[in-house]
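Give me a model of this one.
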Amino acid sequence: MKTLQKCLIPLLTLAFLSGSAQINIKDKVQRQTTNRVNKRIDQGINKGLDATEEGIKDAFSKKDNETRDKESQNQVKDQPRTGNNDPQQDQKGQSFQDLKAYSQYDFVPGDQILLYEDFSQDAVGDFPALWTTNKSGEINTLNVAPGNWLNLNATDGNWWFIREIDFPENFIVEFDIVPKKGAPRYAVGLHLYGEKSFVEMSIPYDKSTCGLAVAIAKTGWETDGHKTGQPKIKGNSQLNPVKEEKLNHVILLVQKRRVRIYHEGAKVLDMPTNLYEGSKFTRLSFELYRGASSSSYISNIKITSASPDTRSKLLTEGKLVSYGIYFDVNKDVVKPESYGALKDIAKVLQDNPDVRVKIVGHTDSDGDDAGNLDLSKRRGIAVKKELVATFGIEASRLETDGMGESRPVAANDSPVNKALNRRVEFLKL
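Residues are numbered from 1 along each chain as shown. Down below sits the predicted model:
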């Protein structure tokens with residue numbers, strides 16, 4: 001019966017369709033085909049719109065994330081960064097690192113600059129005027145860092161600053177170094193020493209009465225404190241060695257017998273008794289060791305006094321001059337090496353909550369007057385922001401200003417005098 005029904009139904013349907021004048025099979029098929037095609041098109045459009053909507057959402061979400069990232073990069077993080085200390089990028093693409101990442105930088109430069117040498121007065125290709133050597137060297141420019149650089153273009157020898165330096169009991173030595181590739185062991189050696197009488201090219205170990213030798217190795221740091229007739233006092237560390245063909249900023253702090261070295265955000269060496277009691281230095285030289293060195297480029301050598309009496313100067317004298325707040329050339333971003341100086345100032349303000357200060361930026365005379373004035377004002381604002389964000393000082397206690405190049409403390413006629421004019425002052429209100 002079911003089989004018969006299956007056979008009859010198609011036959012009856014066919015007969016009905018063929019007999020009906022109102023039904024046009026061709027037209028109906030065409031309509032159904034068109035409807036199906038339109039349905040498929042609608043489905044495709046809907047999918048496309050859905051995808052577009054999701055894409056727009058993703059785009060806005062990505063933009064929001066980028067905005068938040070940029071905003072967060074302009075704020076000091078609550079915790080120090082760890083790892084390789086790779087720099088971030090600010091909104092203008094300038095490399096920087098969190099201030100708190102350098103919380104081990106506990107040194108505080110004083111208000112005296114004993115030496116500043118950036119070789120800006122020397123012509124490229126010449127040997128620098130205030131130096132001498134028993135080998136060779138010349139001033140070069142580099143593609144990895146701005147300014148002029150002394151190329152110690154030998155694998156052994158000595159390079160002396162030919163003037164005496166009156167090192168105090170506590171002082172800081174800073175310099176930039178770009179080691180060349182291929183050093184078997186050492187990038188360079190720094191030697192500070194004293195001598196009975198000035199000899200322009202005195203070999204430090206042979207002629208000195210006392211000294212401190214710092215060997216900067218590919219694998220770390222080695223120090224020798226020495227004195228005539230006494231054994232060497234040695235220190236070493238493997239933390240954060242310098243990188244070849246990269247800009248490295250090395251900082252050495254001497255406080256009586258204690259020697260500390262800082263590099264890449266860390267205190268890489270701390271020797272409480274690395275020097276002999278009463279060591280008095282007057283000379284500075286760089287060294288390369290035969291068979292163990294591949295040479296380096298040196299620049300931005302700065303020697304300052306250390307550990308000023310911040311409290312007395314700010315509260316009693318009413319004025320503190322700081323050379324420990326660092327900026328890149330023509331920039332207003334506070335560099336993380338400034339941590340120690342800012343922390344020292346913040347401590348005085350935290351201990352004296354009624355004290356208000358004005359932060360005033362100053363520049364040297366390089367560049368135009370209007371640009372220097374604007375830069376100095378922006379630097380004052382940047383210092384205020386760091387004191388507020390990093391150390392919790394109330395913004396209402398801090399005013400800012402900038403004087404550009406209009407208030408020099410020395411003639412702008414030499415690298416050291418220009419360095420004296422580049423400063424930040426804190427004035428008690």
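
Do you know the pLDDT at D111?
Note on D111: pLDDT of 89.

swap that for D69, please
At D69, pLDDT is 41.

what do you get for N153?
Reported pLDDT for N153: 89.

ok, which stretches of the stretch 51-200 of the chain are strands?
Residue ranges of the strands in the stretch 51-200 of the chain, as given by DSSP state E, counting those that start in this stretch, are 88-89, 95-96, 109-117, 131-133, 138-141, 148-151, 157-161, 170-179, 186-194.

in stretch 357-376, what's buried?
Using 16 or more other C-beta atoms under 10 Å as the test for burial, stretch 357-376 gives 357, 359-365, 372-373, 375-376. Quick note: C-beta positions are derived from backbone N, CA and C, even for glycine.

And stretch 158-165, by the same measure?
Applying 16+ other C-beta under 10 Å to stretch 158-165 flags 158-161 as buried.

Alpha carbons only: can I get it in CSV?
Provided in CSV are the C-alpha atoms of stretch 158-165 (Å, rounded to 0.1, in the frame of the first residue of the first chain):
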residue,chain,number,x,y,z
ASN,A,158,98.5,54.6,28.8
TRP,A,159,96.5,57.7,28.2
TRP,A,160,96.9,60.5,30.8
PHE,A,161,95.0,63.6,31.6
ILE,A,162,97.9,66.0,31.8
ARG,A,163,96.7,68.3,34.6
GLU,A,164,96.6,67.5,38.3
ILE,A,165,93.2,67.0,39.9
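
ok, and what's touching it?
Applying C-beta atoms under 8 Å, 6 or more residues apart in numbering, the external contacts of stretch 158-165 come out as 114-115, 117, 130-135, 137, 150, 152, 198, 200-204, 281-287, 303.

same thing but 6 Å
Contacts to stretch 158-165, defined as C-beta atoms under 6 Å, 6 or more residues apart in numbering, come from residues 114-115, 131-134, 152, 198, 200, 282, 284-287.

Then stretch 374-394?
Here stretch 374-394 makes contact (C-beta under 6 Å, 6+ apart) with 76, 99, 332, 334, 342, 346, 349, 359-363, 395, 398, 400-404, 424.

Off-centre distance for that stretch?
In terms of C-alpha atoms, centre = their mean, to the nearest Å, the centre of stretch 374-394 is found 17 Å from the chain centre.

Return the set of buried residues in it.
Under 16+ other C-beta under 10 Å, the buried positions of stretch 374-394 are 375-380, 382-391, 393.

follow-up on the earlier one: only the buried subset of the contacts of stretch 374-394, as a ChimeraX command please.
Listed next is the ChimeraX selection for buried residues among the contacts of stretch 374-394, using 16+ other C-beta under 10 Å:
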select :76,99,332,334,342,346,349,359,360,361,362,363,398,400,402,403,404,424
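
Could you list the domains of the protein?
For the chain, automatic domain parsing gives the domain ranges 80-108+308-429, 110-307.

Quickly, which of these bottoms out on average pLDDT?
Among those, domain 80-108+308-429 carries the lowest mean pLDDT (a mean of 88).
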